[in-house]
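# Kindly generate the corresponding structure for this input.
(chains A and B)
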Amino acid sequence: RKEVEQDPGPFNVPEGATVAFNCTYSNSASQSFFWYRQDCRKEPKLLMSVYSSGNEDGRFTAQLNRASQYISLLIRDSKLSDSATYLCVVNKAGSYQLTFGKGTKLSVIP
Amino acid sequence: ETGVTQTPRHLVMGMTNKKSLKCEQHLGHNAMYWYKQSAKKPLELMFVYSLEERVENNSVPSRFSPECPNSSHLFLHLHTLQPEDSALYLCASSQDPARQGALNYGYTFGSGTRLTVV
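Coordinates of the predicted model:
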């Protein structure tokens, strides 16, 4: 089983749509969770951390289910500028290593 | 300059060349990393330095040689590379998770060096 697994997509959605991405992780010792965004031929950039109680940042909502080892990202009212690859990332407490999924590609269409 | 700066942005090298990638961070972080990103693969951790000491030992071929002279600078020395080493090489920095607990704030990445080995 891969350490971090994501649906690669692509997800093609119209502007204004709501889209959800899912991610599962295999290491139950994982303690920190993140969503990163990577634009084509650019570096990954931190979108948001994911907290146990769930958290929201504007149009973005992240959820964590530790029992199921599952993380989600919901994007509401999609904008053209949301088109990117979204990377699910986990970290074990005290470890230097962030483990990345392969990413889910999103294309928002006019 | 702010954030994490990598040079060069693009590099084409022959298999017999020697070159170096440079990374500099201006964030006051004390851990620095080299990651490799190949097409259709997740990012792969190559090397980690904390306070100028190498702290993790991933299986990386010896044709890649890291150097960390101080907590703000990181180099990746390249020699006798193979075409399959062509990839995006990303530098990142963070607070030291061993000192700060869990890695609460993730990494900050540089914009990468796109390497092509011919």
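# Was I right to think residue A:32 contacts residue A:96?
No: contact between residue A:32 and residue A:96 fails when scored by Cβ atoms under 8 Å: they sit 11.7 Å apart. Bear in mind the C-beta positions are built from the backbone N, C-alpha and C, glycine included.
# So residue B:84, which state does it fall into?
Classification of residue B:84 using DSSP: H, G, I helix; E, B strand; the rest coil returns helix.
# Show me which residues of chain A sit near chain B.
Counting by Cβ under 8 Å from any Cβ of the partner chain, the residues of chain A lying close to chain B are A:4, A:31-32, A:34, A:36, A:41-46, A:49, A:87, A:89, A:91, A:93-103.
# among those, which ones are buried?
Buried subset of the residues of chain A next to chain B (neighbour count, 16 or more other Cβ atoms under 10 Å in any protein chain shown): A:4, A:31-32, A:34, A:36, A:43-44, A:46, A:49, A:87, A:89, A:91, A:95-103.
# Restricted to strands, list these.
Among these, the members found in strands (DSSP state E) are A:4, A:31-32, A:34, A:36, A:44, A:46, A:49, A:87, A:89, A:91, A:98-100.
# Show me which pair in those residues is furthest apart.
Pairwise distances among those were taken by Cβ to Cβ; the largest, 19.9 Å, belongs to A:31 and A:44.
# List the beta-bridge partners for residue B:89.
Per DSSP bridges, the residues bridged to residue B:89 are residue B:36, residue B:113.
# That one - how many residues pack around it?
22 (other Cβ atoms under 10 Å in any protein chain shown).
# The residue nearest to the spatial centre of chain B is in what secondary structure piece?
Note on chain B: the residue nearest the mean C-alpha position is residue B:34, at 2.3 Å, using Cα atoms, centre = their mean. Using DSSP states H and E, residue B:34 maps to strand B:31-37.
# Would you mind pulling up the elements that that strand packs against?
If you count contacts as 3 or more Cβ pairs under 8 Å, 6 or more residues apart in numbering or on different chains; DSSP states H and E, strand B:31-37 packs onto strand B:18-25, strand B:44-50, strand B:64-70, strand B:73-79, strand B:87-94.
# Just name the most buried of those strands.
Among the helices and strands packed on strand B:31-37, strand B:87-94 has the highest mean neighbour count (mean count of other Cβ atoms under 10 Å in any protein chain shown), at a mean of 23.
# so that one versus strand A:44-50, what angle?
For strand B:87-94 against strand A:44-50, the angle by axes from the mean of the first three to the mean of the last three Cα atoms, to 10 degrees is 50 degrees.
# Go through strand B:87-94 and list whatever outside residues touch any part of it.
Contact with strand B:87-94 is made by A:43-44, A:96, B:4, B:6, B:21, B:23, B:25, B:27, B:29, B:31-39, B:43, B:74, B:76, B:103, B:105-110, B:112-115, as judged by Cβ atoms under 8 Å, 6 or more residues apart in numbering or on different chains.
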